Structure formats: C-alpha cells, structure tokens
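Q: pasting the structure only:
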Ligand code: CA
C-alpha cells in the first residue's frame, strides 16, 4: 500500500514517512500544496495524509481539486489544535477523517488502516483468504496459524493482493503500489516477488491470469 504524505514541516514529514515504512507501507512526501496536488492527481495512492496549512496551495484547496477531478482515494487531514473550522471545511471538501496535531503515530496508523479497509470494502482488521491471514495491525502474515517470514517487498505485494483478493491485479498496478515514487521501478521484479511468495504459500493461491496479471483467489 502506497501513501502520500503532504507535510511542510520536515521533521514531522520524516517521522510520518518512517512510521509508515515501519508499518509496511511505502510513502512519498510532498512539501507544498502544488506538488501534493500534482502527485495525488497522477499517482495511484491507497491513502493520503494531508496537512491543511501548506505553502503554495492550502490543503483544503488541494483536496477540493482532487475531488472535483474524481480522485476518490481516502484522505486523512491533519488540523491545528482548536481549529474546529478546519475540520468542518476539510470534511466538507471531501476528507474521510481528521487528526489534530500533535498526534500519536499509533492513532494515525489505526485511522489509516480503517480508511484503507473501508475503501476496499473490508470490515475486519484481519484479511483472510483460505488458510492465509494478514493482520493489518501487526503486519503479520500466517498460514493455518503459522507465521510466515516475508521481506518488506514480499509483504507489500501480498498485502496489496489481499486487499484486492479475487480481483485481477496487473504487474504495473503492483509496481505502482509497492514502490515509492523515487524508487527505480522495474516491473520484472514483481515477478520475482510473486515467485518467492508462491514458494512460501500453499500451492495455487496466487493465480497467473495470462496477459493480465495475478489474482489471489479465495478457495471455494
Ligand atoms: Ca503545515
């Protein structure tokens, strides 16, 4: 899952990126409203953390532009303390949730999990596909209760497939959702990660859909 962090305070932006990465996400950082608007308009983010007070274009304007253009990704806004009007304006502009600064990383992660879950139509923090369980709170993956050891990339590929289980996911979709923007992306590496995952998972769970991509299929 790939997150856009829009925050002009360098320390906070770095903390957010670090906390998200530790939780198994990849994060891109935008430091002003104009960059944020462009990135959110052109890249397929699974969620956005959007500060309201930004140079060049404020967060509410950025959000309004995205929504007017039909960009529907979940957006969590960061508001200043005691500014109820920012929350109202943000929610009216299309925000899905808000957090007041200062906040605890754990709370931000919990709210993001909930937003991503709802966007995918999932009710539970545990995603299940046959014998496979992914706990989005702990980033733990298990098969029949036995924990699997996965690399960061393997986890991100599997997490994306689990969030989109029973759907066909193309290699380019996977590439766009497992790497940050500045990463040297190569869609061939997705095949390598799929190959490694298949060796760790029960046979047949990840199907290849010829010419289209992959599907994590729920056993009947
Ligand atoms: Ca700010």
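A: Thanks, I have the structure now. No experiment lies behind these values; they were computed from the predicted model shown. Numbering: from 1, shown residues only.

Q: buried sites along stretch 67-86?
A: For stretch 67-86, burial by neighbour count (16 or more other C-beta atoms under 10 Å) applies to 71, 73-79, 86. From N, CA and C alone the C-beta is placed, and that goes for glycine too.

Q: ok, now stretch 201-212?
A: Quick answer for stretch 201-212 (16+ other C-beta under 10 Å): 201, 205-206.

Q: closest one of those residues to residue 177?
A: residue 206 (15.7 Å; C-beta to C-beta).

Q: is the closest one in a bridge, and if so with what?
A: With DSSP bridges as the criterion, residue 206 is bridged to residue 216.

Q: verify the stated contact: it with residue 196.
A: No. The criterion here is C-beta atoms under 8 Å, and residue 206 misses it with residue 196 at 10.8 Å.

Q: what about residue 90, which SS state?
A: Following DSSP: H, G, I helix; E, B strand; the rest coil, residue 90 is assigned to helix.

Q: and the pLDDT for it?
A: Per-residue pLDDT puts residue 90 at 96.

Q: what do you get for the one 4 residues further on?
A: pLDDT for residue 94: 97.

Q: leaving out the residues flanking it, which one is nearest to it?
A: In this structure, residue 94 finds its nearest non-sequential neighbour in residue 67, 3.8 Å apart by C-beta to C-beta, 6 or more residues apart in numbering.

Q: do you know how far that neighbour is from the ion?
A: 21 Å (C-beta to the ion, to the nearest Å).

Q: helices or strands next to the helix or strand harbouring that residue in the packing?
A: Counting by DSSP states H and E, the element that carries residue 67 is helix 59-68. Where contact means 3 or more C-beta pairs under 8 Å, 6 or more residues apart in numbering; DSSP states H and E, helix 59-68 is packed against helix 33-42, strand 47-51, strand 75-79, helix 84-93.
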